[in-house]
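1. below is the sequence, then the predicted model.
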Amino acid sequence: MKVRVEQTDRVAVVTINRPQARNAVDAATAQALYQAFLRLEADAETDVMILTGAEDAFCAGFDLKTAADGSAADWIASVDIPADWTDPVGQPLPGPMGPSRLMMSKPVIAAIEGHAVAGGMELAAWCDLRVLAQGAVMGVYCRRWGVPLIDGGTLRLPRLVGQGRANDLILTGRPVEASEAQAMGLADRVVPQGQALAAALELAQSLTRFPQGCMRADHLSARMPPADLAQGLRREWASAAIFAAEGRAGATRFSSGQGRAGRFDNL
């Protein structure tokens, strides 16, 4: 099972379950994540969701091996954005990483151990709150491979950390550890290693105690208007064409063993 969903009272924990690939998302996992969050959004028994990864990683991004061998081509083609799409609330669409184009009415908390990089960082940015464990690392690691940010990263990172810091992250792709992530506003909580999920569960349970209608209304009002989000995602998606020119070659280099463990020095 590539995605697990477990319920604890009124909190649902969604776990990316591909530890052998540091929870990198392939096409089937992306589909399962998208469907899981759609179901939980409609579930009257769920008030708050947590997104996490199995074992010692949050998510290493999209599975570049499937991009290199062409097995992800049909999925990428299927997530094309219609030119007239304007409503991520009433007309939900999947993103390459799964739920990244959804605007949920209920809070989603990321519980991050280990790496949350490339598309994994975009999933973390999609969440409303981020709990990082010591030793966690975030970064736009796809910078090395010519793979663009196409899951909302170019929209959400500037809103989270400011344009200047977002420029640094997006242009350099450098790693950011938990303490720096908290200092720049990318992490909302930093906890001891191994405690991210427990801390996220405690935070989620605290949110379930509030009147939910009021909390969700304020939450929606504080975010980017849905039509603006749709417009921004359509603009960002135009970068997907770059993948054919640069990303496929980069994915092949990754599959051959270059740049593993965040290395930038053997590209």
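-> Okay, I see it.

2. next, count neighbours for the closest residue to residue 172 other than its chain neighbours.
-> Nearest non-adjacent residue to residue 172, counting by CB to CB, 6 or more residues apart in numbering: residue 143, 7.0 Å away. Every residue, glycine included, has its C-beta placed from N, CA and C. Residue 143 has 19 neighbours, counted by other CB atoms under 10 Å.

3. do the same with residue 159
-> 13.

4. where does the stretch 51-200 of the chain have low pLDDT?
-> Counting by pLDDT under 70, the stretch 51-200 of the chain shows no low-confidence range.

5. at 80 what do you get?
-> For the stretch 51-200 of the chain, the stretches with pLDDT under 80 are 67-68, 70.

6. for it, just list every one of the helices.
-> Secondary structure of the stretch 51-200 of the chain, counting by DSSP state H, counting those that start in this stretch: helices at 64-68, 73-78, 119-126, 153-161, 163-172, 178-184, 196-208.

7. select, out of the ones you listed, the one closest to residue 3.
-> Smallest distance to residue 3 across the helices of the stretch 51-200 of the chain (CB to CB): 12.3 Å, for helix 119-126.

8. the closest one - contacts with which helices or strands?
-> strand 108-112, strand 137-139, helix 153-161 (3 or more CB pairs under 8 Å, 6 or more residues apart in numbering; DSSP states H and E).

9. redo those as a markdown table? Include distance to residue 21.
-> Output for the helices and strands packed on helix 119-126, formatted as a markdown table (distance: least, CB to CB, whole Å):
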| stretch | distance to residue 21 |
| --- | --- |
| strand 108-112 | 17 |
| strand 137-139 | 17 |
| helix 153-161 | 20 |
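
10. out of those, nearest to residue 206?
-> Counting by CB to CB, residue 206 lies closest to strand 108-112 out of the helices and strands packed on helix 119-126; the figure is 10.6 Å.

11. what sits up against that closest one?
-> 37, 48-53, 58, 116, 123-124, 126-133, 136, 138, 187, 196-197, 199-201, 203-204 (CB atoms under 8 Å, 6 or more residues apart in numbering).

12. returning to what we had before: tell me which residues touch the residue nearest to residue 172, please.
-> Per CB under 8 Å, 6+ apart, neighbours of residue 143: 170, 171, 172, 173.
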